[in-house]
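> My questions concern the predicted model and sequence given below.
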Amino acid sequence: MSELYPPTFADFYLLDMPTIADPYPMYQRLRTANAVGFDHDLGLLVAYGYAPVSAALRDARFSAARMPDGSQFPPELQALRSTFEFVSHQMLFRDPPDHTRLRGLVSKAFTPRMIETLRASITTLVDDLLAKATAQGEMDAIADFAYPLPTNVIMGMLGIPSTDREDFKRWSDDFAAFLGTTDEAATQRLMNSVGEVSDYLRHLIKGRTGNEEDLLSALLVAEEHGDMLHETELFANVVLLLAAGHETTTNLIGNGLYLLLTHPEQMARLRADATLMPLAVEEFLRYESPVQYTSRLATTEMELGGQPIAAGQEVVLSIAAANRDPAQFSDPERLDVGRRDNRHLAFAFGNHFCLGAPLARLEAQIAFTALLSRFPVLHLREAHPPYLRNAAFHGLQRLPIGMA
Ligand code: HEM
């Protein structure tokens, strides 16, 4: 455990590799003991039950402004404060009125209707990626498919040239490591990345003619009306969109495919009835949630799941544990691609409900439909592919598969 930062959930057993691969027995144990429990190792309250996690996500007395401002950091870490400051401008970490303003600026691009207009281009991209793989008869379903798909889509939406993809992968990976691990080196790396990505965006913006119709240009107009968006907010939220567009959907597709390959009866069911696809994607989200937890700060003295909470106290909300709570889901440890009434919390709930949910759903549905219809045979080439060492983002490092 890092001794420099206050302990966070990520320092806990979650960074132990066997637990990362299968955290569910641990969640089950902890949730059975307490829907909300004080964790003495962490010094934090953690909500594991569906009822308290969903209640906290909806409750305006909980603040999302949980990024530390660094004023408590020891002198040798003061240099890292600017990174925390930068990240704190992302809408994910703001409360109203800032949150309302920032989300309002980008939300038009993410309505289900706007996202539906991307269907044809996403389908073409999926077909191109799979055509390459078909020629080889095998692929790493992460590097060759689940990663390039959402990355290309979000870069295209923002109007960032796909030739710069490698840089964005590095920046986005650094951001994910910052959120899901807590070592100082991850913060150092993100600090460098924040400098690089800001320089990159400044340069890119200079080259704009003003006639572009992408999301970055729409945000630039807002930046010109400086009362709506300032430069740091613009850059921080572009980084958020890029990182959210990179990590999570990749993990949804990778986790879902691994689930189908390890549950052949569910794969057969889905092949036999394509109308189950939307339900199957929701079930992948519930069963192997790409975002395992979030947290909130209590703004006032209150109670959650029978536990008293002091003003200013942070509460970790375990989305993944809530998504397997038997009080909400029947037979929650069973993967059921036809599960109905699946009100999972994988995209959270309330004010901060994932803005990219319609996009992630569309990408995943197109990806799985194409994979199953194109390849009558799909098999694993590595029985237990390794997971990413990240407690917040649950996904595979690689997924070698063969197909025919
Ligand atoms: C399977 C894929 C995805 C999952 C599981 C996911 C999950 C989440 C979760 C749990 C939150 C809320 C966190 C909290 O309340 O603390 C969130 C927020 C957000 N997500 Fe996603 N996400 C996914 C894909 C995407 C994509 C593709 C984008 C955009 C390109 C995106 C953009 C955002 C943004 C901007 C927010 C912040 C919303 C706000 O604060 O109002 N997400 N996401």
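Sure, I can see it.
> ok, now which ones touch the residue of the stretch 251-400 of the chain found nearest the ligand?
Nearest residue of the stretch 251-400 of the chain to the ligand (C-beta to the nearest ligand atom) works out as Gly356 at 2.0 Å. In this view, the C-beta of every residue, glycine as well, is placed from N, C-alpha and C. Going by C-beta atoms under 8 Å, 6 or more residues apart in numbering, Gly356 touches 110, 241, 244-245, 248-249.
> Repeat that for Ile142.
Contacts of Ile142 (C-beta under 8 Å, 6+ apart): 250, 254, 395-399.
> what about the nearest residue to Ser88 once chain neighbours are set aside, neighbour count?
Nearest non-adjacent residue to Ser88, counting by C-beta to C-beta, 6 or more residues apart in numbering: Met67, 4.0 Å away. The local packing of Met67 (other C-beta atoms under 10 Å) involves 18 other residues.
> can you give me phi and psi for the most centrally placed residue in the chain?
In the chain, the C-alpha nearest the mean C-alpha coordinate belongs to Thr248, at 3.8 Å (C-alpha atoms, centre = their mean). The phi and psi values for Thr248, taken as degrees, to the nearest 10, are phi -70, psi -40.
> Tell me the spacing between it and the ligand.
3 Å (C-beta to the nearest ligand atom, to the nearest Å).
> separation between Thr249 and Thr32?
From Thr249 across to Thr32, the span is 32 Å (C-beta to C-beta, to the nearest Å).
> Ser198 too?
In terms of C-beta to C-beta, Ser198 sits 46 Å off from Thr32.
> Those two: which has the busier surroundings?
Higher neighbour count among Ser198 and Thr32: Ser198, with 18 against 12, using other C-beta under 10 Å.
> what's downstream of the helix or strand where the more buried one lies, the next helix or strand?
Assigned by DSSP states H and E, Ser198 belongs to helix 184-206. Sequence order places helix 215-224 as the next helix or strand after helix 184-206, per DSSP H and E.
> now that following helix, how far from the centre of its chain.
24 Å (C-alpha atoms, centre = their mean, to the nearest Å).
> And that helix, what does it pack against?
In this structure, helix 215-224 makes packing contacts with helix 98-107, helix 148-158, helix 184-206, helix 231-262, judged by 3 or more C-beta pairs under 8 Å, 6 or more residues apart in numbering; DSSP states H and E.
> Is the shortest one in proximity to the ligand?
Meaning helix 98-107. Yes - applying C-beta under 6 Å from any ligand atom, one finds helix 98-107 in contact with the ligand at Arg103.
> which residues touch that helix?
Outside helix 98-107, the residues touching it (C-beta under 8 Å, 6+ apart) are 64, 91, 94, 215, 218-219, 222, 228-229, 233, 237, 241, 351-352, 355.
> Perfect, I'm done here.
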